[in-house]
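Student: Got a predicted model here, sequence first, then my questions.
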Amino acid sequence: MARIELNNLAHRYAPGGEYALQPMQHVWEDGGAYALLGPSGCGKTTLLNIISGLVQPSEGQVLFDGVDVTHRSTEERNIGQVFQFPVVYDTMTVFQNLAFPLRNRKMAEDYVTRRVQQVAEMLSLTDVLNRRARNLTADAKQKISLGRGLVREDVSAVLFDEPLTVIDPHLKWQLRRKLREVHEQLNLTLVYVTHDQTEALTFADKVVVMLAGQVLQVGTPQELFERPAHTFVGYFIGSPGMNFMPCELSGNEALVDGERIAIDPATAVAASRSGGSLQLGIRPELARLAADGEPGLLLKVDQVEDLGEHQLVTGHFGSHQFHVRLDESEKINSDGLRLVFPVEHTLLYADEHLVGTGGAKHG
Amino acid sequence: MDKREYQWAWLMVLPVLVLVAFSAVIPLMTVVNYSLQDILGRSSFFVGSEWFKETLNNPRLQSALLRQFAFSFTILAIQIPLGIGIALLMPKRGWQASAVLILITMPLLVPWNVVGSIWQIFTRGDIGLAGFTIRELGYDYNITANAVDAWVTIIIMDIWHWTPLVALLCYSGLRSIPEAYFQAARIDRASKWATFRYIQLPKLTNVLVIAVLLRFMHSFMIYAEPFVLTGGGPGSSTTFLSQSLATMAIAQQDLGPSAAFSIIYFLIILAVSYVFYVTIMNMQKEKAAQQGAGGAE
Amino acid sequence: MSGGKRGLLALYLLFTLLPIYWLLSMSLKTNQEILGAFSLWPESLNLHAYIRILTDPSWYMGYVNSLTYVLMNMTISILVALPAAYAFSRFRFIGDKHLFFWLLTNLMAPPAVFLLPYFQLYYSVGLFDTHIAVALAHCLFNIPLAVWILEGFMSSVPKEVDETAYIDGYSFPAFFVKIFIPMIRSGIGVTLFFLFMFSWVELLLARTLTATNAQPIGAIMTRTSTASGVDWATLAAAGTLTIVPGLLVVYFVRNHIAKGFALGRT
Amino acid sequence: MMEWMVWTLPTALFFTAIASGLLGMTIWEVVSPTIERKGFLPISTTRGDRFFIGLLTSAYIHLVVVGFTDISLWVALGVSIAWMAVLMRWG
């Protein structure tokens, strides 16, 4: 188990070429469960491969517990890795698969047996220990891959590269729950690459959102939801994503198509200093209906979808499309709704970056 | 995968059936007819199973058959491991990979009698590079007089000629192994040997069965290369089945016995290929069952 | 790649190339030089053997004849094998497995067994000494081979592809030509490679079924050994030239080999 | 034109027998499709597989009798038919 430090880390595949990973400085705590989240090609797999030692970064260092491992090979870093599709040794039994990393490290045979039993129990593989690995289902095979990472007690970190891609949907959440259980029991450092926000948000203590080789935000799922540091984070997380509308500043109010929206004064001050093009952002879940007599903004309703406990209203303010999620009990007037944007949830973005408190650009 | 029952599929197979039957069934029937008769010019009379009795008890043919098996097993024992080894050595990508592929494949595309000629020119004691060099080194190398020399030369020639096929099949099999398996092996600190034994070799089983099948078949019908190189000699030490047969049928015009012998030959081939066929089919079935259980892979 | 690996591979390549080098070197010597003092390379580049082969119709027609029946055979084989392989890979029908096995056994039928009946069969239908006779005879082993290889590739294409295409309104022929064949391109490339290879290298049947009009180069080469000795230089030059078409074919399919040689069966 | 094939009555009968065997197997298959099963043979087989194995082994039985004994071929034929029946029923 280790604390992973990325020290001024950056990577370009060709010298002088474009950055595949922009320079970054992060510390991932020992025992934390981190998810690297982002669309395909955002560099998350490159980052994972740098941590696992398959790719040598062109700049900066990787430190495990303060020890520079940048130039160490994969086998010397003592990590576990679970790949997109199950990687198992077909001709071996499940037991032999799990024992393989230990036997290669010349561990005593009675320790190997004991340890494999423990891990198998943890992953509910005990029943199939003596079966050949190739005859098992994909999710059982994936558990074997995971088991091979966990079987070494001194493993620095276990890395996951979209491990649930080939798993049937109804088994995905079981396996994910298994992962959480394992994490709680062993307190390992886990790094989990995915492009699926649900996976990331349910799995990780901290989510690292990436776009185009850059880390946009590192935060707890709640932070990502309540205070996205970048408009992309707002779009990408949540369903539907955050509403953004271009605006201008006027004192403590934002002007969107002439409508006035109240802003937190500190944010307004920061925004007036930051310059750049401003956008106002609010989560569909955090806007609310105006009470009777309360002033509100008029939303023209285009479509209402029933989502069970909620209803999703799609409408527009002036020329801007806007989503709002309301409780099922709310009655919707098909002409229009009067909405209130609570000041604490109304955020401002200057050149795509969050303005004001809690809006640290890099985590 | 589950196939659909569809009897009209026969129509799609029909052209193949007609063409192959024309070239296979009619001659085979004729051979059966020959095998029961004594044919002299235009006249022929029925002799029953006489030729079969004679052929099965012919010591020359019995030894040709034994020689054939000895040859086939020898070259399989050498070419399969050698082919795997070469496939492991070949570069994986880039122009070097292309160049090596082209160079290695070359012997496969040389007409079989030319293979014989190439090796004849190469191993002659007077004008051959190999033959001359070996003699210069002090060994009295002579494939026309020494049966061991002839055998070794034919086996080396066959290795030269056919190992590329095994190597290419294995190379292709190795290329289809996803990189993740090798990463996993490094993470698990598997030795080179363990990586080969537990990752590469299991993934090669399918292509290896094909390689063994093809190599067995072609080695069993080897004809032109030894015919050109040694003419079957010295004595009959390198006379394999096809050549014994051709000598009987063409040179001696013993149609009846050679036909009987052909049928025996064919029955051997049939039995061996059936075993291979059942093996391959069972492997595919197992794979299908495994995919059914294991979901997409 | 480590140095040791490189060395071993180079050693094997040397083993592959030395006999071919020797053939080439012989073809560039004169017969006197060949039979005279032993030398590792030709004194001067002597092209007279090549000039003779390439200007004398009785020589170069051998190459033309061989290439003609090889191309005919490739065309016939691939055209009939494609639908058959599709049938075997997608449908169950009575006798399918046994038919497939019967086809495979023809891969192993030694031509020597069939020589005489072949001669008589083709003679009786009036095809003796024609290119098409050899092309048809080579179908004996080439069609089964093509069906076998293509079946492997087709079976590795999921059946859902077919179903989706039908749902999208493709007719069977349109689907087959526009969607399916492009999907198994590598497989077809490798199949053509094998068809070329086995038709090009086979001589026994080709020689038996031809006399003068369609005689393959391999048969013409036997002319170099006469009562007065062997014309080594011409033999070597003719041999060298038989390697050229093969090299061209490998060059064209080289990018498919890595993927396709496993015959869709990995 | 077919003269060169030098047909004889025994071989004609032999091929007719094989052909009608195949035809019979096909009709049987249409009437009542086979089910793959595992008998005393080491692999699971369909009716057609057993028929083929029967024919092939019968050929070998004949060869052994002809080549290495003086027993009448009719005995070989009888044994082969019995063997074929056993194979079809329990194979």
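Tutor: Happy to help now that I have it. No experiment lies behind these values; they were computed from the predicted model shown.

Student: since we're on the closest residue to chain D within the stretch 101-250 of chain C, how many residues are nearby?
Tutor: Closest residue of the stretch 101-250 of chain C to chain D, CB to the nearest CB: C:Q120 (4.2 Å). Quick note: C-beta positions are derived from backbone N, CA and C, even for glycine. Residues within reach of C:Q120, counting by other CB atoms under 10 Å in any protein chain shown, total 18.

Student: Next: the one 4 residues further on.
Tutor: Per other CB under 10 Å, the neighbour tally for C:S124 reads 15.

Student: so it touches C:A133, yeah?
Tutor: No: with contacts counted by CB atoms under 8 Å, C:S124 stays clear of C:A133, the gap being 11.7 Å.

Student: Chain A: helices as residue ranges?
Tutor: A:44-52, A:74-77, A:94-104, A:109-122, A:138-150, A:169-186, A:197-203, A:221-226, A:231-236, A:265-274 (DSSP state H).

Student: Which of those sits closest to B:F69?
Tutor: Of all these, it is helix A:94-104 that lies closest to B:F69, at 37.2 Å by CB to CB.

Student: Please see if that closest one touches chain B.
Tutor: Yes: contact between helix A:94-104 and chain B, assessed by CB under 8 Å from any CB of the partner chain, occurs at A:F100, A:P101, A:N104.

Student: Pull out the buried residues from the residues you listed.
Tutor: Among those, those buried by neighbour count (16 or more other CB atoms under 10 Å in any protein chain shown) are A:F100, A:P101.

Student: Name the nearest of the residues of helix A:94-104 next to chain B relative to chain C.
Tutor: The closest of the residues of helix A:94-104 next to chain B, once distances to chain C are taken by CB to the nearest CB, is A:N104, at 21.2 Å.

Student: ok, the closest one - contacts?
Tutor: B:D188, B:R189, B:A190, B:S191, B:A194 (CB atoms under 8 Å, 6 or more residues apart in numbering or on different chains).

Student: What is the neighbour count of the first one?
Tutor: Applying other CB under 10 Å, we find 26 other residues in the vicinity of B:D188.

Student: And the second one, by the same measure?
Tutor: The local packing count at B:R189 equals 19, with neighbours defined by other CB under 10 Å.

Student: Name the SS class of it, please.
Tutor: Secondary structure of B:R189, reduced to three states by DSSP: H, G, I helix; E, B strand; the rest coil: coil.

Student: Contacts only, for it.
Tutor: Neighbour list for B:R189: A:E75, A:P101, A:N104, A:R105 [criterion: CB under 8 Å, 6+ apart].

Student: Quick check: it vs A:F317, distance?
Tutor: Separation of B:R189 from A:F317 (CB to CB, to the nearest Å) stands at 60 Å.

Student: Specify the residue ranges that define each domain of the chain.
Tutor: Since you didn't name a chain, this refers to chain A. Following automatic domain parsing, one gets these domains for chain A: A:4-231, A:240-354.

Student: if you could check chain D rather than the one you did, that'd help
Tutor: For chain D, automatic domain parsing gives the domain ranges D:1-33, D:37-91.

Student: Any idea which of these has the lowest pLDDT on average?
Tutor: For the domains of chain D, the weakest mean pLDDT is recorded on domain D:1-33, namely a mean of 85.

Student: which parts of that domain are buried?
Tutor: Buried residues in domain D:1-33 (16+ other CB under 10 Å): D:M5, D:V6, D:T11, D:F15, D:M25.

Student: Now do the same for D:S20: helix, strand or coil?
Tutor: At D:S20, secondary structure determined by three-state DSSP is helix.

Student: so what's it up against?
Tutor: Shown in contact with D:S20 (CB under 8 Å, 6+ apart): no residues.

Student: Quickly note the distance from it to chain C.
Tutor: 15 Å (CB to the nearest CB, to the nearest Å).

Student: B:D38 falls within a strand, correct?
Tutor: Yes: using three-state DSSP, the assignment for B:D38 is a strand.
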